[in-house]
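S.K.: Let me see the structure of the following:
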Amino acid sequence: MRVRGLLKLLLLGIGATVLSGTVTAAGKCERLVATGNPEYPPYLWRDPQNPQQLIGANADLLKHLGEELGVVIDVIYTGPWSRAQDEVRTGRVDLIAGAFLTLQRLDSMDYVHPAFYWTPNVVWVKKDEAFPYAGWEDLQGHTGDTLVGNSFGQQFDAYAKTSLTLEGVSSLTQAFQKLLLGRTDYVLYERYPGLALAETLGMEDDLEILEPPISSEGLYLTLSHNSACNEPWLRGQLAKKMTELAADGLPETLLQRNLQRWKEQQLQPVSAPNP
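M.R.: Next comes the predicted model:
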């Protein structure tokens, strides 16, 4: 009887230890810090009223994700896109709130699957000056612009290098201006960030998009290998919740909401940010 009682106490103790470990694993990081590209509306941009914070569809999705997991996820401004990636590589920041899949990033980050957005890369042309287009081959014989260093996927990049006349420019603003001046026939860029910039520049009625997209890339949440919070429990929960949110259509709802949010901000007079 005494042995049975001791055994029962021992089993209870082991159970309590396991439960305690689970709680510790689940609650080790009550706060995660994320960053991203600060010039990427409607996905991410700096809050005009609080420039140290990033807002947009990606930020809204991460905050919702944090609520589902019972952790706080702050999406902060850490500098330009290149520096933001460095902050995550070193582990000073835990997460990137939206990154394309590259071999280089796989060396320093874990990708949370599935992608929460598939971003279409499209052909932009001047309004009423569209040319017949049904696919890549229809771009031949025309001169296009794209941003220096931009990639639209390995297959398209290889095709463009051998078959298309593409010029590199330093900014999308410059590309759109050249297009409207008739100095180029088309511009290759993402659909939604292109729409956001066109709104900012007042060019939305002067541009149109040809269908279908030339390619589409997944936008993922990434977790730094050097983050103190990078544990199997967290990776598993992030993937599970992201799958659920994507199936519910929340990312697309947030994207459309933030397109409108960006548009409304461009119509508002500039005011001083909060101190």
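S.K.: do you know how far Gln104 is from Val148?
M.R.: Using C-beta to C-beta, to the nearest Å, we find Gln104 at a distance of 18 Å from Val148. All C-beta atoms are positioned from the backbone trio N, CA, C, and that covers glycine.
S.K.: Same check on Ser215?
M.R.: 18 Å.
S.K.: between the two, who's got more neighbours?
M.R.: Using other C-beta atoms under 10 Å, the more surrounded residue of Ser215 and Val148 is Ser215, with 18 against 9.
S.K.: pretty sure that one contacts Phe156?
M.R.: Yes - Ser215 lies in contact with Phe156 (C-beta atoms under 8 Å); the separation is 5.0 Å.
S.K.: what do the two both touch?
M.R.: Between them, Ser215 and Phe156 share these contacting residues under C-beta atoms under 8 Å, 6 or more residues apart in numbering: Asn121.
S.K.: Please identify the helix or strand for the nearest residue to Tyr111 once chain neighbours are set aside.
M.R.: Spatial nearest neighbour of Tyr111, excluding adjacent residues (C-beta to C-beta, 6 or more residues apart in numbering): Tyr220 at 4.8 Å. Using DSSP states H and E, Tyr220 sits in strand 207-224.
S.K.: Give me the buried stretch members for the following helix or strand past that strand, please.
M.R.: Using DSSP H and E, the next helix or strand after strand 207-224 towards the C-terminus is helix 232-248. By neighbour count on 16 or more other C-beta atoms under 10 Å, the buried set for helix 232-248 is 234-235, 237-239, 241-242, 245-246.
S.K.: angle of helix 232-248 against strand 207-224?
M.R.: Per axes from the mean of the first three to the mean of the last three C-alpha atoms, to 10 degrees, the angle that helix 232-248 makes with strand 207-224 is 160 degrees.
S.K.: I'd like to know which elements helix 232-248 is packed against.
M.R.: helix 57-69, strand 109-126, strand 207-224 (3 or more C-beta pairs under 8 Å, 6 or more residues apart in numbering; DSSP states H and E).
S.K.: Including distance to Val75 and mean pLDDT, could those go into JSON lines?
M.R.: As requested, these are arranged in JSON lines below (distance: least, C-beta to C-beta, whole Å; pLDDT from 0 to 100):
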{"stretch": "helix 57-69", "distance to Val75": "4", "mean pLDDT": "96"}
{"stretch": "strand 109-126", "distance to Val75": "14", "mean pLDDT": "96"}
{"stretch": "strand 207-224", "distance to Val75": "11", "mean pLDDT": "96"}
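S.K.: Out of these, the one nearest Gly135 is which?
M.R.: Evaluated over these, closeness to Gly135 peaks at strand 207-224, with 7.3 Å, by C-beta to C-beta.
S.K.: Parallel or antiparallel, list what pairs with that closest one.
M.R.: strand 95-99 (antiparallel), strand 109-126 (antiparallel) (DSSP bridges).
S.K.: Mind listing what's buried along the helix or strand just after the first one?
M.R.: In the C-terminal direction, the helix or strand that comes right after strand 95-99 (DSSP H and E) is helix 103-106. Along helix 103-106, these residues count as buried under the neighbour rule (16+ other C-beta under 10 Å): Arg105.
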